[in-house]
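Everything below, folded, please.
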Amino acid sequence: MRVAIFGESYLPHLSGVTISTEALARGLGVIGHDVMLAVPRPARGVDAGTAGMPGPEPTHAWLPSYQLPGVAPPGYRMPWPMPSAALSAVDRFRPQVVHAQSPFVSGQLARRTARRARAPLVFTHHTRFADYRHYLGPLARPGSAMTDAYLRRFWRACAAVIAPSADLAAEIEARRVVVIPTGVDVDAIAAIAPIDPRPAHGWPSDAVVAVTMGRLAAEKRVDLVVRAVADAASANPTLHLLVVGDGPAADALRAEAASSLGRRAAFTGTLPHATALATVAACDLFVFASRTETQGLVLAEALACGLPVV
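Reported below is the predicted structural model:
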């Protein structure tokens, strides 16, 4: 089949959504489908690259894009809601299924494309949007209510809604909801050669390293991880903390970790996906405290690395 996949964000920005989008596109290609990705064009001179998902390179229809300001990380680009050569290319592709990865700008572009192609619209619900309402400040309550109403209308326009987990599926008011977790290539991750973080940070070879990975933002509760590891480290001087990722809370978290853990805490910033997994694989324990997950892809990846997970 010919499948057009629309994304609100894409590589080189790394997130659970962008990794899932690449995994879907390449995975469909592996089993013989013809895939076109309609995703935001990277900044001028920047290569989108890959997160290392297996499968053939899909065809790209690069949507005109801009850098999202404010709390969005560098490289997080959004598509413009406008006609473009990319949309014309998707129309010429004549998709038999249109798959939206977001309900907003790219979701509306996907919806219009599906109408023109007379193809079913499928939507994967990657995000619990209500958990991000604190970014709206005083508009959090009305903004959340408006988002909920908008989502219900968008669900009704879809032939099917995919939920990455059963608990999220129970919250979706759509006529057809299917639970399909994002797949993890367990064998490929298990084969990654570990990259030991201890020498780079001046830690002893017998240091017990707890690692967390993801976006450093309030809703991910990395501050709770820092406090928990600091509490445990007070009774176990061999315990260290490695934080993989970046985000708007990075500076505050670095200050908190420096105060409570000193040199026993380190932050890597954003790493390429394969490097991040190799670093996780060399640690002893994965710790995660996010309050907003639809699946928690990093948990499956950590387990595939062979780590116990808290």
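
drop to CA atoms for contacts and neighbour counts, all remaining ones
Fine.

just so I have it, where are all the strands in the stretch 151-300 of the chain?
160-163, 177-179, 208-213, 239-244, 265-269, 285-286 (DSSP state E, counting those that start in this stretch).

Let me have these in JSON lines, extended by mean neighbour count, distance to Ala61 and mean pLDDT.
Listed next are these as JSON lines, based on neighbours: other C-alpha atoms under 10 Å; distance: least, C-alpha to C-alpha, whole Å; pLDDT from 0 to 100:
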{"stretch": "strand 160-163", "mean neighbour count": "23", "distance to Ala61": "23", "mean pLDDT": "96"}
{"stretch": "strand 177-179", "mean neighbour count": "17", "distance to Ala61": "27", "mean pLDDT": "96"}
{"stretch": "strand 208-213", "mean neighbour count": "24", "distance to Ala61": "30", "mean pLDDT": "98"}
{"stretch": "strand 239-244", "mean neighbour count": "24", "distance to Ala61": "31", "mean pLDDT": "98"}
{"stretch": "strand 265-269", "mean neighbour count": "19", "distance to Ala61": "30", "mean pLDDT": "97"}
{"stretch": "strand 285-286", "mean neighbour count": "22", "distance to Ala61": "37", "mean pLDDT": "98"}
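
which one of these lies closest to Arg44?
Arg44 sits nearest to strand 265-269 of all the strands of the stretch 151-300 of the chain, at 22.8 Å, using C-alpha to C-alpha.

So what touches that closest one?
Applying C-alpha atoms under 8 Å, 6 or more residues apart in numbering, the external contacts of strand 265-269 come out as 201, 240-246, 254, 257-258.

between those, which is closest to Tyr66?
Each of those was checked against Tyr66 using C-alpha to C-alpha; the closest is Asp246, at 20.4 Å.

close enough to count as contact, Met36 and Thr21?
No - taking C-alpha atoms under 8 Å as the definition, Met36 is not a contact partner of Thr21, at 11.5 Å.

List the buried residues in the lengthiest helix in the chain.
Ranked by residue count and defined by DSSP state H, the top helix of the chain is helix 140-156. Judged by neighbour count using 16 or more other C-alpha atoms under 10 Å, the buried positions of helix 140-156 are 144, 151, 154-155.

before we move on, what about stretch 292-309?
Neighbour-count burial for stretch 292-309, with 16+ other C-alpha under 10 Å as criterion, is recorded at 292-307, 309.

same thing with stretch 33-52?
For stretch 33-52, by 16+ other C-alpha under 10 Å, it's 34-43, 50-51.

how far does the lowest-mean-pLDDT helix or strand in the chain sit from the chain's center?
The helix or strand of the chain with the lowest confidence, counting by mean pLDDT, DSSP states H and E, is helix 140-156 at a mean of 87. Distance of helix 140-156 from the chain centroid (C-alpha atoms, centre = their mean, to the nearest Å) equals 21 Å.

Who are the packing partners of that helix?
If you count contacts as 3 or more C-alpha pairs under 8 Å, 6 or more residues apart in numbering; DSSP states H and E, helix 140-156 packs onto no helix or strand.

what about 10 Å?
Applying 3 or more C-alpha pairs under 10 Å, 6 or more residues apart in numbering; DSSP states H and E, one finds that helix 140-156 makes contact with helix 105-117, strand 121-124.

rewinding a little: just curious, which of the buried residues of stretch 33-52 is nearest to Ala228?
Ala51 (30.5 Å).

what does the model give the spatially closest residue to that closest one that is not a sequence neighbour for pLDDT?
With C-alpha to C-alpha, 6 or more residues apart in numbering as the criterion, Ala51 has its nearest non-adjacent residue at 5.6 Å, and that residue is His273. Looking at His273, its pLDDT stands at 93.

What of Val71?
Reading off the model, Val71 has pLDDT 64.

do the same with Tyr132
For Tyr132, pLDDT reads 73.

doesn't Glu219 make contact with it?
Yes - Tyr132 lies in contact with Glu219 (C-alpha atoms under 10 Å); the separation is 7.0 Å.

Mutual contacts of those two, please.
Shared contacts of Tyr132 and Glu219, defined by C-alpha atoms under 10 Å, 6 or more residues apart in numbering, comprise Thr292.

more neighbours, the two?
Neighbour totals were compared for Tyr132 and Glu219, and Glu219 leads with 18 against 14 (other C-alpha atoms under 10 Å).

Quick check: the gap between the more buried one and Arg44.
Separation of Glu219 from Arg44 (C-alpha to C-alpha, to the nearest Å) stands at 31 Å.
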